[in-house]
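In: Following is a predicted model, sequence given first.
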Amino acid sequence: MWSDIEARAMRCGEYIAATGCTVRACAARCGVSKSTVHKDVTERLPAIDPALTERVKAVLDRNLSERHLRGGDATRRKYEKRRRG
């Protein structure tokens with residue numbers, strides 16, 4: 001059972017590092033919850049592969065710093081779509 005969890009943590013970490021996607025996108029791709037992905041890459045992955053953890057942390061930090069911009073952009077698109085009707 002633990003080997004399955006470790007394998008999932010590695011898959012999630014490799015996917016996030018390779019694509020630069022969000023935790024939400026990784027969760028959708030892997031078929032697990034956002035909480036599971038986040039726990040895998042922040043708590044389990046450091047014990048398995050510290051180098052991969054650093055690459056994933058860089059992506060997560062970038063996504064965190066851009067989050068407010070993505071939210072504003074989504075809101076702008078929403079209201080433009082309503083205006084065009």
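Out: Okay, I see it.
In: show me where pLDDT drops low in the chain?
Out: 1-2 (pLDDT under 70).
In: how about a cut-off of 90?
Out: In the predicted model, the chain carries pLDDT under 90 at residues 1-3, 66-74, 84-85.
In: For it, which segments count as helices?
Out: Per DSSP state H, the chain carries helices over the ranges 2-19, 23-30, 34-39, 45-48, 50-84.
In: Using CSV, write out every CA atom in the third one.
Out: Once non-C-alpha atoms are left out, helix 34-39 reads as follows in CSV (Å, rounded to 0.1, in the frame of the first residue of the first chain):
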residue,chain,number,x,y,z
LYS,A,34,-6.4,18.6,-4.4
SER,A,35,-5.7,17.8,-0.7
THR,A,36,-4.1,14.5,-1.6
VAL,A,37,-1.9,16.0,-4.3
HIS,A,38,-0.8,18.8,-2.0
LYS,A,39,0.0,16.4,0.9
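In: Identify all contacting residues around that helix.
Out: Contact with helix 34-39 is made by 8, 12, 23-24, 26-27, 30, as judged by Cβ atoms under 8 Å, 6 or more residues apart in numbering. (Each C-beta comes from the backbone N, C-alpha and C, glycine too.)
In: For the residue most central in space within the chain, give its distance to Leu45.
Out: Within the chain, the residue whose C-alpha comes closest to the C-alpha centroid is Val23; the distance, by Cα atoms, centre = their mean, is 2.0 Å. Separation of Val23 from Leu45 (Cβ to Cβ, to the nearest Å): 13 Å.
In: Tally up the residues packed near Val37, please.
Out: Here the count is done by other Cβ atoms under 10 Å, and Val37 has 25 residues near it.
In: tell me, how many neighbours does the nearest residue to it once chain neighbours are set aside end up with?
Out: Spatial nearest neighbour of Val37, chain neighbours left out: Ala27 (4.6 Å); criterion: Cβ to Cβ, 6 or more residues apart in numbering. Ala27 sits with 19 neighbouring residues when counted by other Cβ under 10 Å.
In: Cool, thanks, talk later.
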